[in-house]
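Student: What would the 3D arrangement of this be:
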Amino acid sequence: MKNILVLCTGNSCRSQIAHGYLQHFAGDKAKVYSAGVETHGVNPKAIATMKSDGIDITQHTSNNVLEYKEVAFDYVITVCDHAQERCPYFPGGAERFHYNFPDPAKATGTEEEINAAFVAVRDSIKTYCAEFVDKHL
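Tutor: Numbering: from 1, shown residues only. Here you go, the predicted structure:
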């Protein structure tokens with residue numbers, strides 16, 4: 001079983017969404033963790049957006065990357081440029097991947113426009129995660 005860490009700035013939206021999809025697509029082939037270089041709590045809109053696609057992340061917590069310094073990761077995926085720049089060194093030769101997804105928490109406009117931003121980012125992350133699992137697991 002592979003250990004995968006998804007890392008973002010606050011571990012509230014993008015990393016939580018990726019965590020949910022990676023675990024969904026990987027099944028028992030991987031143990032997925034998500035963390036932030038800071039912790040901001042899991043965004044309720046991320047939870048609702050995932051629920052609307054049949055993925056339950058209500059039990060996820062917002063964790064700091066330093067909580068996992070003893071875990072031997074096979075893959076570390078950063079999902080925002082800020083996290084990539086601040087990502088600590090993980091011993092053991094974890095293979096690193098990066099994709100800078102837009103932050104849906106920064107979306108502005110009407111409630112409908114904000115929800116649409118969350119769905120768009122969710123769908124991009126879903127595609128990325130499905131392709132990652134297909135290629136690496």
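Student: Let me know the helix or strand that the spatially most central residue of the chain is in.
Tutor: By Cα atoms, centre = their mean, the chain has its centre lying nearest to Ser15, at 1.9 Å. Assigning secondary structure by DSSP states H and E places Ser15 in helix 14-26.
Student: Gly41 now?
Tutor: Counting by DSSP H and E, no helix or strand carries Gly41.
Student: how deep is Ala72 tucked in, by neighbour count?
Tutor: Using other Cβ atoms under 10 Å, Ala72 has 11 other residues around it. All C-beta atoms are positioned from the backbone trio N, CA, C, and that covers glycine.
Student: ignore the last one, Leu137
Tutor: Per other Cβ under 10 Å, the neighbour tally for Leu137 reads 16.
Student: SS state for the spatially closest residue to Gly109 that is not a sequence neighbour?
Tutor: Ranked by Cβ to Cβ, 6 or more residues apart in numbering and with sequence neighbours excluded, the top spatial neighbour of Gly109 is Ala117, at 8.0 Å. Of the three states, Ala117 takes helix according to DSSP: H, G, I helix; E, B strand; the rest coil.
Student: all helices for this structure, in order.
Tutor: When secondary structure is read from DSSP state H, the chain shows helices at 14-26, 44-51, 81-86, 111-136.
Student: and among these, the most buried is which?
Tutor: Among the helices of the chain, ranked by average contacts under mean count of other Cβ atoms under 10 Å, first place goes to helix 14-26 (a mean of 26).
Student: contacts for it?
Tutor: Applying Cβ atoms under 8 Å, 6 or more residues apart in numbering, the external contacts of helix 14-26 come out as 2, 4, 6-8, 30, 32-36, 42-43, 46-47, 49-50, 55-57, 60, 62, 77, 79-80, 83, 101, 103-104, 121-122, 125-126, 128-130, 132-134, 137.
Student: can you check stretch 96-105 too?
Tutor: Counting by Cβ under 8 Å, 6+ apart, 9, 12-14, 43, 45-46, 49, 75-81, 84, 87, 114, 117-118, 120-122, 124-125, 128, 132 sit against stretch 96-105.
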